[in-house]
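Enquirer: Need the 3D shape of this:
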Amino acid sequence: MTITKKIKIEGDFIDSFIYSGSLFLIDTQLRLTSYAWNEILNYTNCPTVNWNLLHNCFSKNNTQNISQLDNEYIIYHNSLNSLIIDTLELDSWPTDLDIYKNKFIISSADGIKSVVGNRSIENRKVKFEFSQNVKKMWDEKVFELAVGTLDRLIISCGYEGAFELFTRTKADSYELIKEKQLSAKEWIGCEWDQNTGIAILKNQLKQELLKFETINQDHLKLLTDTIEKNKYFKTLKDEEPTEYEIPNSTQKYINSWVFEDKIYLFGEDLNLYEYHHNNINKVSEVDTSQKAIGNIIDSAKTHFGLVFEDIENLYLQNSSINILSNNVTNWRTYPKSTNYQNHLHIIEDDYLTIQIFE
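Expert: Numbers count the residues shown, from 1 in each chain. Reported below is the predicted structural model:
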């Protein structure tokens, strides 16, 4: 396997998110807490002589000389408590979360709530503080949400279907303007790639791809008047998405993603396919010669390989297959992040493990 290093953070967590120099953790008491990520790195048991290397590898996606780091570092609970920047009390178990321009968006069985954050930097320390104006944006259960362009979201709402939400920021709140149903079918997952405009609605062995209009940057440069720009943005938002068909596709797919402007499809046969320039090609396959793989619960295409989970384990398939955890309760990757695309966050019973790959 590729060289990999870990930081283990002691505590009872249910989710984690890293964004622009801040680490956010949700614990089992439903507290969303912000921390300065670089400060957390300084509190590991890493020798100070390797601090710069640790920061390069875990904060800048620069893994040159990663082999000089120890395999694992740890942050104990008492140390973590001393590093708290701010805390927000939640009232529902979250199903998904994302951040859009310093606005936290949290989905649950009770709908969607948003809170605007104040991000500042003091003495090279990133501080993310929550506004106390928590705004209810949606009342129905949401399984997953995806942030798009022009202040829009896509949400998957199970039997209620999938919706496009149009939002705006007012003072210290982030609120819903209107919604539009994209599909009345049952969907429990979604994603939206801003570069290609391709959105994917997901439910087990079923995916539906939609193509949204994207911003033409060359045309935008020609518009010097704010009114004309707003008219152009409104035209884009008013456009109905079109169904995006993959021709000659008879395979059933467990999952699919847009990754580096290409579509990847994880087949029921445990092969990974790439669709690009109207061609589907098999690019890798899961090695089942040493371990029988059960029904896939979730999966993700990343820069360091294919991550997937069955009922027993969390796996990474790159040059070979490796078991990353047999005690996973939640996990998250950051394939579209500049600085954290080498991160894999694994929530286990008593720890968050942040694992990076060369």
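Enquirer: these two touch, right, His345 and Arg332?
Expert: Yes. With contact defined as Cβ atoms under 8 Å, His345 counts as touching Arg332 (4.7 Å). For glycine as for every other residue, the C-beta is placed from the backbone atoms N, C-alpha and C.
Enquirer: Quick one: mean pLDDT over stretch 138-154.
Expert: Stretch 138-154 shows a mean pLDDT of 96.
Enquirer: Tell me the gap between it and the middle of its chain.
Expert: Relative to the centre of its chain, stretch 138-154 is centred 13 Å away, using Cα atoms, centre = their mean, to the nearest Å.
Enquirer: what do you get for stretch 113-126?
Expert: When distances are taken as Cα atoms, centre = their mean, stretch 113-126 is centred 19 Å away from the chain's centroid.
Enquirer: and the longest helix for this protein?
Expert: Secondary structure of the chain per DSSP state H: the longest helix is helix 226-238.
Enquirer: packing partners for that helix?
Expert: For helix 226-238, the packing partners by 3 or more Cβ pairs under 8 Å, 6 or more residues apart in numbering; DSSP states H and E come out as helix 217-222.
Enquirer: Same question for the helix it packs on: list its buried residues.
Expert: Across helix 217-222, burial judged by 16 or more other Cβ atoms under 10 Å covers no residue at all.
Enquirer: now swap in stretch 275-294 and tell me
Expert: Neighbour counts over stretch 275-294 (16+ other Cβ under 10 Å) mark Tyr275, Ile280, Ser284, Val286, Ile293 as buried.
Enquirer: and if you look at stretch 18-34?
Expert: Ile18, Tyr19, Gly21, Ser22, Leu23, Phe24, Leu25, Ile26, Asp27, Leu32, Thr33, Ser34.
Enquirer: before we move on, what about stretch 305-312?
Expert: Here stretch 305-312 shows Gly305, Leu306, Val307, Phe308, Glu309, Asp310 as buried, counting by 16+ other Cβ under 10 Å.
Enquirer: May I ask you to confirm that Asn38 belongs to a strand?
Expert: No. Checked against DSSP: H, G, I helix; E, B strand; the rest coil, Asn38 lies outside a strand; its state is helix.
Enquirer: in terms of contact, does it touch Ser20 like I think?
Expert: No. If you go by Cβ under 8 Å, Asn38 and Ser20 don't touch, sitting 11.6 Å apart.
Enquirer: shared neighbours, these two?
Expert: Val126 (Cβ atoms under 8 Å, 6 or more residues apart in numbering).
Enquirer: Show the residue spans covered by the helices in the stretch 51-200 of the chain.
Expert: All helices of the stretch 51-200 of the chain, identified by DSSP state H, counting those that start in this stretch, fall at 51-59, 77-81.
Enquirer: And the pLDDT for the closest residue to Lys229 other than its chain neighbours?
Expert: Nearest residue to Lys229 in three dimensions, chain neighbours excluded: Leu223, at 4.8 Å (Cβ to Cβ, 6 or more residues apart in numbering). Note on Leu223: pLDDT of 90.
Enquirer: try Lys101
Expert: According to the prediction, Lys101 has pLDDT 87.
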